[in-house]
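A.B. asks: Coordinates only, no sequence provided:
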């Protein structure tokens, strides 16, 4: 299953979407396209396949913001919402939305006790290991190695996790190791080719328009 991801931000009273450049799974500039216009690019079917909405500003600032959650709607899709979740209170706010799944970047989760509290509240939480320059982002419960962070998350009780390769720096050899050791991992990648070759069944990649939207 290939899942599209939309990067959203609430600015100037509007919900906007940004598109990462090729080779990246993180926007380099603010969004300038209406969110609903971007969401309309996602094919609809009867199965209500998932779509990821990334609250870019909350992740960059390290604080939950309700601006995106109030207006994110994608017709015909179940939303997996990635946002800053530091503790159980943030998780409650994130689930006070249309989200079916909340994706919580590991480097923003306050500590192990907060992670356990988050997991005890819902099994519809997927921690995400954000990787840049081949290393997990510093902070929270993330360690300095992708595999070690994945094992730590599993030891805390999370049965599913995401590896978010924000800049395409995770080598194919690392994906092969993850496919063997953490087969339930969901790669979030700029392009799906390398991770797909390693046998992952579910992959996330940025939604990109066939032509520039205005």
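C.D. replies: Thanks, I have the structure now. If you're wondering where the values come from, they're calculated on a predicted model, not measured in any experiment. Numbers count the residues shown, from 1 in each chain.

A.B. asks: can you map out the strands along this structure?
C.D. replies: 2-11, 14-18, 33-34, 50-55, 78-82, 99-105, 125-132, 135-136, 162-165, 186-188, 203-206 (DSSP state E).

A.B. asks: and those, which is most packed in?
C.D. replies: Highest mean neighbour count among those (mean count of other C-beta atoms under 10 Å): strand 162-165, with a mean of 27. (Glycine included, C-beta is placed from N, CA and C.)

A.B. asks: just to revisit the earlier point, could the strands of the chain go into TSV alongside mean pLDDT and distance to residue 152?
C.D. replies: Converted to TSV, those look like this (pLDDT from 0 to 100; distance: least, C-beta to C-beta, whole Å):
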stretch	mean pLDDT	distance to residue 152
strand 2-11	94	24
strand 14-18	93	31
strand 33-34	92	37
strand 50-55	96	23
strand 78-82	95	19
strand 99-105	94	14
strand 125-132	97	10
strand 135-136	96	10
strand 162-165	97	13
strand 186-188	97	17
strand 203-206	96	21
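
A.B. asks: With residue 114 as the reference, name the closest of those strands.
C.D. replies: Residue 114 lies closest, by C-beta to C-beta, to one member of the strands of the chain: strand 99-105, at 9.9 Å.

A.B. asks: Residue nearest the middle of this protein, spatially speaking?
C.D. replies: Geometric centre of the chain, nearest residue: residue 82, 4.6 Å, by C-alpha atoms, centre = their mean.

A.B. asks: worst-scoring helix or strand of the protein, pLDDT-wise?
C.D. replies: Among the helical and strand segments of the chain, the one scoring lowest on mean pLDDT, DSSP states H and E is helix 193-197, with a mean of 85.

A.B. asks: List the buried residues for that helix?
C.D. replies: 194, 195, 196 (16 or more other C-beta atoms under 10 Å).

A.B. asks: Just checking the distance from stretch 175-193 to the centre of its chain.
C.D. replies: Relative to its chain's centre, stretch 175-193 lies at 14 Å (C-alpha atoms, centre = their mean, to the nearest Å).

A.B. asks: Between the two ends of stretch 58-66, how far is it?
C.D. replies: With C-alpha to C-alpha, to the nearest Å as the measure, stretch 58-66 spans 9 Å from end to end.
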